[in-house]
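Engineer: Here is my input; please provide its structure:
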Amino acid sequence: MKLQNSYAEPDYQYGDHVYSQTTSVTQPVPRNETRSNVDTRESTSNPPTPTRNSPFALTARVVPTLFSFRRLTHTPTVLMMLAFAATSALLLTVAAGTFAIFAWDTSDEVVGAYRMLAAFATTLLVVPAFTLGQSAATLATRRQDEQLSTLALLGAPRSTIVAAALTEPLVAATVGALVGVVGYFALALPVSLVQLRGEPLGYGNMILPWWMILATVVALVCVSTVAALMGLRKVVVSPLGVRTKALSSSFPWGRIVACVVLLVCVAVGMAVSRMGGGMAIVLTGFLGMVLTGLLVVDVLGVLVVRLVARIRRGSKKVHVMVASRLVSAKPKSYWRRVSGLALTSFIATFCGTGVSLMQSIKTTVGDANLTREDSLLLTDMFTGILLTLGIAFVFITVSAVINQAADIYDRASTFQELNAAGMDNGTIRKISVASVMLPVVWISAISAGLGLLLVLPFAGVAVVLSPYSFLTIISMVIVGALVVRAGLAITNPLIAKVVVRS
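Structural biologist: Here you go, the predicted model:
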């Protein structure tokens, strides 16, 4: 008599007995027969051949799916390409202007001043350019996190995950950088009409050597590759945490240490630039100090955004409270959306000091006593300041729009959950705006304050604290904040688009 088992359990063997779904115990089965049944089950459950499951074969099947037309024309991918294109075009245009000035005749004594100012303006704009490129690379890795973690959870080998992680960022960076090269040739035409020393720069003088263009493209691709490899760490260490978005954020001790080290480098650069020993040493120390100061702003910005968000988490306004919690969860992501404004505020201090210095020279010497070369130099300084500010505003606009649009797609699930819980689109838009505008005032004030602190020993208190300087700085901050706000308004329709998908 067989005893019926009430539990629907799968067949399994313990010793010489086989337990099934319908019987509790059967008669002992010969060992050779049991082994054949087990072999049959194993052969039916693992039909693929070892060759088909090899890492190389799996990689060869996964990577081509990343080159589909639908995937390459998806909005986040297009945003990445646009970011790399803008970075490449603006960086090459700035380098071309400096290259044209350095190609002038060296017998003229005034050329040295032009070269120093051109190198200074280029230094101010290099960090925002690469920051925008880094943001574009981070967009690629952030979008791939869930897909790569899924591959890791399914047991994909490391070679397949690395190939999938590097393919899309490399394609986006390469295509974007090459499009930026075309944009550079187009931008060089109007920039070549700018007059310096009483004559235009000339389009032919704005054409860079081929190796400089190639080096810029390779540098942007390398930035994208490094960002992709850094993003692989959390996918490999905790794929389930990435997939469920349950990774805990640690206190940024490394960022604090880096900020302290950079501040020490700023002090060293300031000391070197104030020493004697030739113009080359002084100029190198000064440019190194300014470049390091820009890096300090970039490193310190994440800490400021994190601190401001924690302070505002207890707000009684719903949209401010939710926005503060979103910023606290990902301070790096929201820093990238205001980093352009912070770096521009830093640049504005030097531009404002330059305007104040020009007015001081004209007041002290008088226009009638200035030579033609000195008058042209002052006029060209003002032109250079306007160009620097204009390019900085372009960086702000591109960074604000692209990062905001990409973050909306990244936060699509959060917005859909809020909408499903009963929150209207207007409140969701307020959350998106508040998450960006909360740290704007503090970021601008700290960046401008650091810039004033660096320029003070060289220009003096009277020049730095003059009305012209403060008017330029305040105007830049206000216009920059308005540009960021306009970028938010442009991307607001995307919120309704991602919410409708729910």
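Engineer: Please name the residues that touch residue 439.
Structural biologist: Counting by Cβ atoms under 8 Å, 6 or more residues apart in numbering, residue 439 touches 304, 305, 308, 309, 327, 334, 338. (Each C-beta comes from the backbone N, C-alpha and C, glycine too.)
Engineer: just the buried members of the residues you listed?
Structural biologist: Taking 16 or more other Cβ atoms under 10 Å as the criterion, what is buried in the contacts of residue 439 is 304, 305, 308, 309, 327, 334, 338.
Engineer: ok, back up a step: among the contacts of residue 439, which two are most distant?
Structural biologist: Farthest pair in those (Cβ to Cβ) is 309 and 338. Separation: 12.0 Å.
Engineer: I figured residue 484 was touching residue 438, is that so?
Structural biologist: No. Between residue 484 and residue 438 there is no contact under Cβ atoms under 8 Å: 11.8 Å.
Engineer: What about residue 202? Give its phi and psi, please.
Structural biologist: The phi/psi pair for residue 202 (degrees, to the nearest 10) reads phi 90, psi 130.
Engineer: what phi and what psi does the backbone show at the residue lying closest to it once chain neighbours are set aside?
Structural biologist: Counting by Cβ to Cβ, 6 or more residues apart in numbering, residue 202 lies nearest to residue 192, which is 5.6 Å off, once chain neighbours are set aside. As for residue 192, its main-chain torsions (degrees, to the nearest 10) stand at phi -70, psi -20.
Engineer: who's in contact with residue 192?
Structural biologist: Residues in contact with residue 192, defined by Cβ under 8 Å, 6+ apart, are 100, 200, 201, 202, 203, 205, 206.
Engineer: Among those, name the ones in strands.
Structural biologist: residue 200 (DSSP state E).
Engineer: And the contacts of residue 192, which is closest to residue 408?
Structural biologist: Of all those, residue 206 has the smallest distance to residue 408: 36.8 Å, by Cβ to Cβ.
Engineer: Can you give me every residue that contacts that closest one?
Structural biologist: 96, 97, 99, 100, 188, 191, 192.
Engineer: Name the nearest of these relative to residue 221.
Structural biologist: Checking these against residue 221 with Cβ to Cβ, the nearest one is residue 96 at 20.1 Å.
Engineer: Enumerate the positions of the helix or strand hosting that closest one that are buried.
Structural biologist: Here residue 96 is covered by helix 75-102, with elements defined by DSSP states H and E. In terms of neighbour count (16+ other Cβ under 10 Å), helix 75-102 has its buried residues at 76-77, 79-101.
Engineer: For that helix, which helices and strands make contact with it?
Structural biologist: helix 111-153, helix 158-191, helix 210-237, helix 372-410 (3 or more Cβ pairs under 8 Å, 6 or more residues apart in numbering; DSSP states H and E).
Engineer: Which of those sits closest to residue 352?
Structural biologist: helix 372-410 (8.8 Å).
Engineer: Please point out which parts of the closest one sit buried.
Structural biologist: Using 16+ other Cβ under 10 Å as the burial criterion, the residues of helix 372-410 that qualify are 376-378, 380-381, 384-385, 387-389, 391-410.
Engineer: With stretch 318-336 instead?
Structural biologist: Buried residues in stretch 318-336, counted by 16+ other Cβ under 10 Å: 319-324, 326-328, 330-336.
Engineer: Which of those fall within helices?
Structural biologist: With helices taken from DSSP state H, the overlap with these comprises 319-324, 326-328, 331-336.
Engineer: out of the residues you listed, who's nearest residue 176?
Structural biologist: The nearest member of those to residue 176, counting by Cβ to Cβ, is residue 336 at 16.7 Å.
Engineer: So that closest one versus residue 188, what's the distance?
Structural biologist: 28 Å (Cβ to Cβ, to the nearest Å).
Engineer: Also residue 483?
Structural biologist: From residue 483 to residue 188 the distance is 24 Å (Cβ to Cβ).
Engineer: which one of those two has more residues nearby?
Structural biologist: residue 188 (23 against 19; other Cβ atoms under 10 Å).
Engineer: out of everything not next to it in sequence, what's closest to the more buried one?
Structural biologist: residue 206 (4.2 Å).
Engineer: Quickly note the distance from that neighbour to residue 93.
Structural biologist: Going from residue 206 to residue 93 by Cβ to Cβ gives 8 Å.
Engineer: okay, and the common contacts of these two?
Structural biologist: 188, 191.
Engineer: buried ones in the strand or helix carrying residue 355?
Structural biologist: Here residue 355 sits within helix 331-365, counting by DSSP H and E. For helix 331-365, the neighbour count (16+ other Cβ under 10 Å) marks 331-360 as buried.
Engineer: Could you list every helix and strand in contact with that helix?
Structural biologist: Counting contacts by 3+ Cβ pairs under 8 Å, 6+ apart, helix 331-365 packs against helix 111-153, helix 279-311, helix 372-410, helix 425-437, helix 440-459, helix 461-464, helix 467-500.
Engineer: Quick check, pLDDT for residue 218.
Structural biologist: You'll see residue 218 listed with a pLDDT of 90.
Engineer: Would you agree residue 80 is in contact with residue 176?
Structural biologist: Yes. Residue 80 lies in contact with residue 176 (Cβ under 8 Å); the separation is 6.7 Å.
Engineer: surely residue 118 meets residue 103?
Structural biologist: No. Here residue 118 does not reach residue 103: they are 11.0 Å apart, not a contact under Cβ under 8 Å.
Engineer: How many residues are close by residue 424?
Structural biologist: 11.
Engineer: Break the chain down into its structural domains.
Structural biologist: 12-45, 64-248, 297-502 (automatic domain parsing).
Engineer: Turn these into JSON lines, columns for distance to residue 290.
Structural biologist: Converted to JSON lines, the domains of the chain look like this (distance: least, Cβ to Cβ, whole Å):
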{"stretch": "domain 12-45", "distance to residue 290": "65"}
{"stretch": "domain 64-248", "distance to residue 290": "5"}
{"stretch": "domain 297-502", "distance to residue 290": "7"}
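Engineer: rank the ones you listed by pLDDT, which is bottom?
Structural biologist: Looking at those, the weakest mean confidence is domain 12-45, a mean of 45.
Engineer: The closest residue to residue 345 other than its chain neighbours: neighbour count?
Structural biologist: Spatially, and ignoring its direct neighbours in sequence, residue 345 is nearest to residue 447 (4.0 Å; Cβ to Cβ, 6+ apart). By other Cβ under 10 Å, the residues close to residue 447 number 30.
Engineer: Alright, calling it a day.
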